[in-house]
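Engineer: 3D model of this:
(3 chains)
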Amino acid sequence: LPKPPPITLTTDFGPDSPYVAAMKGVILSRNPGVRLVDLTHGIPAQDIRHGAIVLDDVTPWFPPGTIHVAVVDPGVGSDRKLIYARIGAQQYLAPDNGLLSRLARRQAPSTIIHIARPQYWFPVVSKTFHGRDILAPVAAHLSLGLAPEALGERLAELLTLDWVEAVVTRGKIEGKIELIDSFGNLISNITADQLVDVPRGEEVTVECDEHQTQGIFATYSDQPEMTLIALIGSSGKLELAIVGESAAIMLGVRAGTPIEVRWPTG
Amino acid sequence: LPKPPPITLTTDFGPDSPYVAAMKGVILSRNPGVRLVDLTHGIPAQDIRHGAIVLDDVTPWFPPGTIHVAVVDPGVGSDRKLIYARIGAQQYLAPDNGLLSRLARRQAPSTIIHIARPQYWFPVVSKTFHGRDILAPVAAHLSLGLAPEALGERLAELLTLDWVEAVVTRGKIEGKIELIDSFGNLISNITADQLVDVPRGEEVTVECDEHQTQGIFATYSDQPEMTLIALIGSSGKLELAIVGESAAIMLGVRAGTPIEVRWPTG
Amino acid sequence: LPKPPPITLTTDFGPDSPYVAAMKGVILSRNPGVRLVDLTHGIPAQDIRHGAIVLDDVTPWFPPGTIHVAVVDPGVGSDRKLIYARIGAQQYLAPDNGLLSRLARRQAPSTIIHIARPQYWFPVVSKTFHGRDILAPVAAHLSLGLAPEALGERLAELLTLDWVEAVVTRGKIEGKIELIDSFGNLISNITADQLVDVPRGEEVTVECDEHQTQGIFATYSDQPEMTLIALIGSSGKLELAIVGESAAIMLGVRAGTPIEVRWPTG
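Structural biologist: So this is what the prediction gives:
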């Protein structure tokens, strides 16, 4: 394991936010040797679901023991809890508002702790920026070897959001668009596993908001520019793309839109 | 103290600018072991006042000895000086155009030095990018232990801008909006200190450009979505926010707009 | 030389893309001690020429031995090759689609290798994200000391794009705008070398898309706000700028537009 483990930062503060820099300053003031990685600061403002999907897609690629600090926190200053969770080999610090619930659906957390003991926080805690004043110093302490149990009492479970899985029936899978990436690709909740037995050729139809395409392709380069195609993307989910363009802009499709895969059965 | 101290970079080059990467390459070529932190590259182009406020808000969160390189430099190539300044426990490298004057208002610099000796610069200096050709190599040398006095002669003072403080009178504080953050919150120059004796309830009115709200709240979550609220934000200043939205966009308010707090006096 | 050498990342994934973070996680999982630097993720989507110019402008500023990973890869999943190249003192990993051809025009690669041996890749390779699944783990292995020859067979040459140089004739240089930077400056393919014998005063005319200006200046600060000026920019090429504004927006000029320098000859 790397010693100290890296700390990643995920927020909805927007690109180049000085608020992120303040969090880094707080961490480095306590552990000058720790490595900091920006996971993303481009989560749409206060969009907990978007943040939860990104954390689920990306954090498993990091070294075991990595400490992931996530701040999408519309309830800052209310009575929502801050928590530490260990899920698989990764560690997380976040508000208990559902941000970690997509990860927890995949694998139950082995440890959840209520961050409640102020001795590991910044001495003066603002009401509006717990990322800087609580989570950043706590992450620094953990990276220096503090046992998570020192942060507060154990919790039995974390707050969960409603995560709808795509539904497979005979000749049909019904899912929805969950995320739009920076290329404008429409990423659904239909997984590669669910598509294992589905044909990939012209006989399969993928339909989303009145837009239809035939076939499920392997790569973007399989079709000419400006063609709408369905493919299994890099996070292992069915996505709709327009070759060389933004499908989100050209089709006007938003997160939440239903998507359907249909094929003839014998 | 961390050895070597970290180097932060603050510019108006915009997100993901390759110019920033060139500065990092220059620094790493001279000190491969130094830690680099992006403070922000999102200062609006050539907006020295905005840069000065961000440096004042964020740099004090960094470890003592940190070297902050700031490049908002509309006068590059003119006769404006480049300077080193030590202010409090932090070190700064910047053009002498007012960028450091907000920090200096809080605490007088203990050292100011005119960066004038080319032996610590890149051998060929362009006329348009002193950040890369002068400040980056100078920062690397400082991080390796060079004494700031080696850079040039001492200066008595740095160039200052006009920083207007909010004015407190009986039953009223008159300030202005100084900064708009990435959430669209309108951040004023009215400080928490100035608000200590001001009531927080319905009897206090905050008015900005014909928009009014009652009360000063502790957190964004104290009010329903779409409500205009006044609160003391994470940098210790009064700000106006619209819960869940961008106040800057919805109200059309820009930096420089007056803001007033009024309350009944006995 | 730094040990291990730093790894830089250049992509068209856009600011704050979680896909970049996944690449970083993969690299750190294999070499926790390596330094990662974002060169830029702001290459316009699938714009290989833009990426090639940025790599040529910026990578020479990095320490010798630096490993530059570049992912602008519209052909991912097709039969385009992935390559390692050593060009000058720098090392590159990229698709063989012309991304490195601007660098190669300046100096022929001393080594080109076809990345073909899967033992250094992620065990499961997606069809859509070879940056994460192949180039990132290969970069980590190289940074740990793997010889590039272990990656696959040598190639004789890399794919080149058509790079047009500006043409100098008596009293005239004809070039084109190649790149628009984040300030909206219009950067041409006319080099400082080509301008050595050209006068700099009022007698020289620079014309681009019906817009004209007289003289070639040393810095942005030589003229008042809102003035169109020509100057030799920080990457050593002639550029057009509007002082304090975006020339690209105000003039409506795009990459590819011809630019001409004319002067009277005796």
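
Engineer: residues touching A:L103, list them.
Structural biologist: The neighbours of A:L103, taking CB atoms under 8 Å, 6 or more residues apart in numbering or on different chains as the test, are A:A52, A:L55, A:D56, A:T59, A:I87, A:G88, A:Y92. For every residue, glycine as well, the C-beta is placed using N, CA and C.

Engineer: Out of those, which sit inside helices?
Structural biologist: The members of the contacts of A:L103 that map onto helices under DSSP state H are A:A52, A:L55, A:D56.

Engineer: The first one: neighbour count?
Structural biologist: Applying the criterion other CB atoms under 10 Å in any protein chain shown, we find 27 residues in the vicinity of A:A52.

Engineer: From chain B, how far off is the nearest residue to A:A116 once chain neighbours are set aside?
Structural biologist: Setting aside the residues directly before and after it, A:A116 is nearest to A:G152 in space (CB to CB, 6 or more residues apart in numbering or on different chains), at 3.5 Å. Distance check for A:G152 against chain B: by CB to the nearest CB, to the nearest Å, it reads 21 Å.

Engineer: Point out the residues in chain A that sit beside chain C.
Structural biologist: Those residues of chain A that sit near chain C, judged by CB under 8 Å from any CB of the partner chain, are A:2, A:6, A:8, A:15-16, A:35, A:37-42, A:54, A:57-59, A:61-63, A:66, A:181-183, A:218-222, A:231-234, A:236, A:244.

Engineer: Buried members of those into PyMOL, please.
Structural biologist: Only the buried members of the residues of chain A next to chain C end up in this PyMOL selection, burial being decided by 16 or more other CB atoms under 10 Å in any protein chain shown:
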select buried, chain A and resi 2+6+8+15+16+35+37+38+39+40+41+42+54+57+58+59+61+62+63+66+181+182+183+219+220+221+231+232+233+234
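
Engineer: Could you give the average pLDDT over stretch A:11-27?
Structural biologist: Averaging pLDDT along stretch A:11-27 gives 91.

Engineer: Kindly check the end-to-end length of that stretch for me.
Structural biologist: With CA to CA, to the nearest Å as the measure, the ends of stretch A:11-27 fall 16 Å from one another.

Engineer: Next: stretch A:147-166.
Structural biologist: Per CA to CA, stretch A:147-166 runs 39 Å from first to last residue.

Engineer: got it, and stretch A:222-231?
Structural biologist: Where stretch A:222-231 begins and where it ends lie 10 Å apart, using CA to CA.

Engineer: What are the buried residues along that stretch?
Structural biologist: Within stretch A:222-231, the residues that qualify as buried by neighbour count (16+ other CB under 10 Å) are A:Q223, A:L228, A:I229, A:A230, A:L231.

Engineer: Mind telling me which residue of chain A is nearest chain C?
Structural biologist: With CB to the nearest CB, the shortest gap between chain A and chain C falls at A:T219, namely 2.5 Å.

Engineer: Sheet-wise, list the partners of the helix or strand where A:I173 lies with their directions.
Structural biologist: Secondary structure assigned from DSSP states H and E places A:I173 in strand A:172-180. Counting by DSSP bridges, the strands paired with strand A:172-180 are strand A:167-169 (antiparallel), strand A:186-191 (antiparallel), strand A:258-262 (antiparallel).

Engineer: just to revisit the earlier point, also within reach of chain B: list those from the residues of chain A next to chain C.
Structural biologist: Filtering the residues of chain A next to chain C for neighbours of chain B using CB under 8 Å from any CB leaves A:P15, A:D16.

Engineer: where does chain A have low pLDDT?
Structural biologist: The model of chain A has pLDDT under 70 over residues A:1-2.

Engineer: Within range of chain B, give me the residues from chain A.
Structural biologist: If contacts are counted using CB under 8 Å from any CB, the residues of chain A sitting beside chain B are A:13-19, A:21-22, A:24-26, A:28-29, A:32-33, A:36, A:45-46, A:74-78, A:126-129, A:132-133.

Engineer: In strands only, show me those residues.
Structural biologist: Among the residues of chain A next to chain B, the members falling in strands are A:L36 (criterion: DSSP state E).
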